[in-house]
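1. structure for the following, please:
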Amino acid sequence: MRELLDSIMEIGRLAIKGGPVLARGKLIGVGEVINRLDRSGFDESDPELLANIASDGTTAIDTVRLCRVIQAEGTGARGDTIQALAAAVDAKDPYTRGHSERVTHYAVLAAEDLALGKQERETLRRAAVLHDVGKIGVDERILRKPVALDPGEWLEMCTHPEKGAHMVEHIEGLAETRPAIRGHHERLDGHGYPDGLRGDQIPLGARIIAVADAFDAMVTDRPYRKALGVEFALSELMRVSGTQLDPEVAAAFVRAFEAKDKSLA
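-> Residues are numbered from 1 along each chain as shown. Alright, predicted model coming up:
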């Protein structure tokens, strides 16, 4: 939103200045700043406030537009729309670029080892691609923050499973992905979010995505640390199985990964 702020050149009793509003690098509108309600002049404290307002407004507009895109499918979501939504998340959060694709690959590996049926695997694949779609509705400043989030920011980040589930719940061809999307941050011990589910209360698809998500988070660079080793990540999956992760799913993923992907890691 710096383009918008840089366009505010006049500081005085009345200023009418505008600038482009960008989402994911594309123009979606024009923002205009007029004046304070009390008609007092702008001062040095205003740019940060205006940046916050612009960022929040852009997030809201972009989320509504993307929801309309998937709702327009009507007779079922096409693969290109699903991929476009995943790309939108990656574009908004550059530190996780490619994350959805990798998580999908890992989730399918585990599903094959668990001998899930063809339709179950397809639903899981779609859910894995879209598991973080709710991040479209999270402030970019939180997604891109290079240090630990404060409590308020963490609460905002924790809304993304609910937001994602809401985005797909009325879309034919995607509605069945809702439980896995909503539940992929639940923990087996009940200390996850958003619903505090435990054990078998957590949908199987969500338990599979949780393992794939955790593995990819460990083996890729994050804003606050470098990637961890593959061997460490595999052992860590097993260490937290039974508390954070489903032991059967974690073991299935480790078996499948070691059999098919380890030489590529």
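2. the residue lying closest to residue 153 once chain neighbours are set aside: what's it in contact with?
-> In space, residue 153 comes closest to residue 142 once its chain neighbours are excluded; the distance is 4.9 Å by Cβ to Cβ, 6 or more residues apart in numbering. Backbone N, C-alpha and C define where each C-beta goes, glycine included. Contacts for residue 142 (Cβ atoms under 8 Å, 6 or more residues apart in numbering) come out as 149, 153, 156, 157.
3. which helix or strand contains residue 142?
-> Residue 142 is part of helix 140-143 when elements are defined by DSSP states H and E.
4. check which residues of that helix are buried.
-> 140, 142, 143 (16 or more other Cβ atoms under 10 Å).
5. could you find the closest non-adjacent residue to the first one?
-> Nearest in space to residue 140, with sequence neighbours left out and distances taken as Cβ to Cβ, 6+ apart, is residue 92 at 5.9 Å.
6. redo the contacts of residue 142 as a markdown table? Include secondary structure and pLDDT.
-> Below are those laid out as a markdown table (DSSP: H, G, I helix; E, B strand; the rest coil; pLDDT from 0 to 100):
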| residue | secondary structure | pLDDT |
| --- | --- | --- |
| 149 | coil | 88 |
| 153 | helix | 93 |
| 156 | helix | 93 |
| 157 | helix | 94 |
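7. out of those residues, who's nearest residue 107?
-> Here the nearest of those to residue 107, counting by Cβ to Cβ, is residue 157; it sits at 21.3 Å.
8. isn't the closest one up against residue 149?
-> Yes: using Cβ atoms under 8 Å, residue 157 is in contact with residue 149, at 6.2 Å.
9. between those two, which is the more surrounded one?
-> Legend: neighbour count by other Cβ atoms under 10 Å for residue 157 and residue 149, higher for residue 157 (18 against 15).
10. any idea how far residue 254 is from the more buried one?
-> For residue 157, the distance to residue 254 equals 28 Å [Cβ to Cβ, to the nearest Å].
11. show me the shaky parts of this structure.
-> 1-81, 94-97, 223-224, 261-265 (pLDDT under 70).
12. go with 90
-> Residues of the chain meeting the criterion pLDDT under 90: 1-101, 136-149, 167-175, 220-229, 259-265.
13. domain-wise, how is it divided?
-> 1-72, 77-264 (automatic domain parsing).
14. where do the helices sit along the stretch 101-250 of the chain?
-> According to DSSP state H, counting those that start in this stretch, the stretch 101-250 of the chain carries its helices in the segments 118-129, 140-143, 151-157, 160-168, 178-183, 204-219, 230-239, 247-260.
15. can I get those in JSON lines with distance to residue 106?
-> What follows is the helices of the stretch 101-250 of the chain, written out as JSON lines (distance: least, Cβ to Cβ, whole Å):
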{"stretch": "helix 118-129", "distance to residue 106": "8"}
{"stretch": "helix 140-143", "distance to residue 106": "22"}
{"stretch": "helix 151-157", "distance to residue 106": "22"}
{"stretch": "helix 160-168", "distance to residue 106": "18"}
{"stretch": "helix 178-183", "distance to residue 106": "14"}
{"stretch": "helix 204-219", "distance to residue 106": "4"}
{"stretch": "helix 230-239", "distance to residue 106": "11"}
{"stretch": "helix 247-260", "distance to residue 106": "7"}
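16. what number of residues are in the vicinity of residue 151?
-> 7.
17. my bad, residue 180
-> Neighbours of residue 180 using other Cβ under 10 Å come to 28.
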